[in-house]
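# The sequence isn't on hand, but the structure is:
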């Protein structure tokens, strides 16, 4: 297959994605991706949402997130332990099958917790906390994690970039505090859109903010 044909195929695939998320450089896929910095937040089950905000009350969108069908909600909660309290923790909607609190290591020090680094939904053996809303409170015995750094990638984008689900890659950042970040998990699926997710501690270490870019290395 000649290079011109390869270039046309790549352009057609990228066009079908509705933009230049993966982009091209000299006819080949660009490995430059958008960075999304994830501040502390929580996900709730409908049952816990009922307790914290009142029966039948569902999370209401404040702004959409890049990942399809996800949004930052207008609602916030307070998370607390015997050693610390953090108010105004944003909730991410819509509701899920599990309640999960994602914090940074700095937050964990404040709360006196030692949560594991986990991917979303892997909550076994994690510590719990108290969730406090305007209508009530919930004690969860597990569900607090440090979110493992990861790359969201649509199936079509993965095909263009030569990535596979659960692959471990690296990312290179520029700037005065630039460097290489190891152990990035690739999450491929039809509900994803190309974006690199890191937490606030990681972003501060590399001098990054949401909307900055990184180069994938694999």
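Yep, it's here. Keep in mind that this is a model prediction, so the values were computed, not measured.

# Let me see the contact set for the most centrally placed residue in the chain.
Nearest to the geometric centre of the chain sits residue 197, at 4.5 Å (C-alpha atoms, centre = their mean). Residue 197 sits next to 36, 38, 147, 149, 150, 151, 152 when contact means C-beta atoms under 8 Å, 6 or more residues apart in numbering. From N, CA and C alone the C-beta is placed, and that goes for glycine too.

# switch to 6 Å and redo it
36, 38, 150 (C-beta atoms under 6 Å, 6 or more residues apart in numbering).

# Looking at the residues you listed, which is nearest residue 174?
Proximity of these to residue 174 (C-beta to C-beta) peaks at residue 36, which lies at 17.2 Å.

# Make sure that closest one is indeed in a strand.
Yes - assessed by DSSP: H, G, I helix; E, B strand; the rest coil, residue 36 belongs to a strand.

# That one - how many residues pack around it?
When neighbours are counted by other C-beta atoms under 10 Å, residue 36 registers 19.

# if I look at it, how far off is residue 147?
11 Å (C-beta to C-beta, to the nearest Å).

# Ok, residue 137 next?
Taking C-beta to C-beta as the measure, residue 137 falls 24 Å from residue 147.

# Which one's more surrounded, the two?
residue 147 (21 against 13).

# Which pLDDT value belongs to the nearest residue to residue 155 once chain neighbours are set aside?
Spatial nearest neighbour of residue 155, chain neighbours left out: residue 190 (5.3 Å); criterion: C-beta to C-beta, 6 or more residues apart in numbering. Residue 190 is assigned 96 on the pLDDT scale.
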